[in-house]
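Visitor: All I have is the shape, not the residue letters:
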């Protein structure tokens, strides 16, 4: 019996020393945001550990919809998607509206910028109507969880997947 205890302690110490962490999430990440399918692989890194996740999607108008994701009752992610006549400049939009820090433009089909607190993008999306641009604001709210940080790479991965899925759903043409 003592031998099994020593093996268990060695496994725990080995796991800790290797830098592995245990997953503290007891919820399944959402697979749909703003009426658009997303992969758990792209959304999971944006969500802190917790026990309960809630998604609220709201259509404001035919040209504007939002969604919020909360973990354990605290909003952690907000997304705006809206159509407009003009393509906006993500660098100006991100700086002016959200006071993003260290905002950097990223190569994108359209224009996009990523910051430590979120991302913003503008893409062409022709379809019926006179608003040929689809614009996105993705805002991360700081998690209460100590040591939980979202990497810029994870934000960019999510942005690319979400924008592509939204364009597909909206049947955008270039």
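Guide: Thanks, I have the structure now. No experiment lies behind these values; they were computed from the predicted model shown. Residues are numbered from 1 along each chain as shown.
Visitor: helix/strand/coil for residue 160?
Guide: Secondary structure assignment for residue 160 (DSSP: H, G, I helix; E, B strand; the rest coil): helix.
Visitor: Who are the contact partners of it?
Guide: Each residue near residue 160 by CB atoms under 8 Å, 6 or more residues apart in numbering is listed here: residue 108. All C-beta spots, glycine's among them, are computed from the backbone N, C-alpha and C.
Visitor: How confident was the prediction at it?
Guide: For residue 160, the model assigns a pLDDT of 91.
Visitor: Am I right that residue 121 sits in a strand?
Guide: Yes. Per three-state DSSP, residue 121 lies within a strand segment.
Visitor: Is it bridged to anything, and to what?
Guide: Taking DSSP bridges, one obtains residue 112, residue 136 as the residues bridged to residue 121.
Visitor: Neighbours of it, how many?
Guide: Counted with other CB atoms under 10 Å, residues neighbouring residue 121 total 28.
Visitor: Next up, the contacts around it.
Guide: Contact partners of residue 121, counting by CB under 8 Å, 6+ apart, are 90, 108, 110-113, 135-136, 159, 163.
Visitor: could you measure it against residue 109, distance?
Guide: Distance of residue 121 to residue 109, given as CB to CB, to the nearest Å: 9 Å.
Visitor: do the same with residue 130
Guide: 22 Å.
Visitor: So for these two, which sits in the more crowded spot?
Guide: A count of neighbours by other CB under 10 Å puts residue 109 above the other of residue 130 and residue 109, at 13 against 6.
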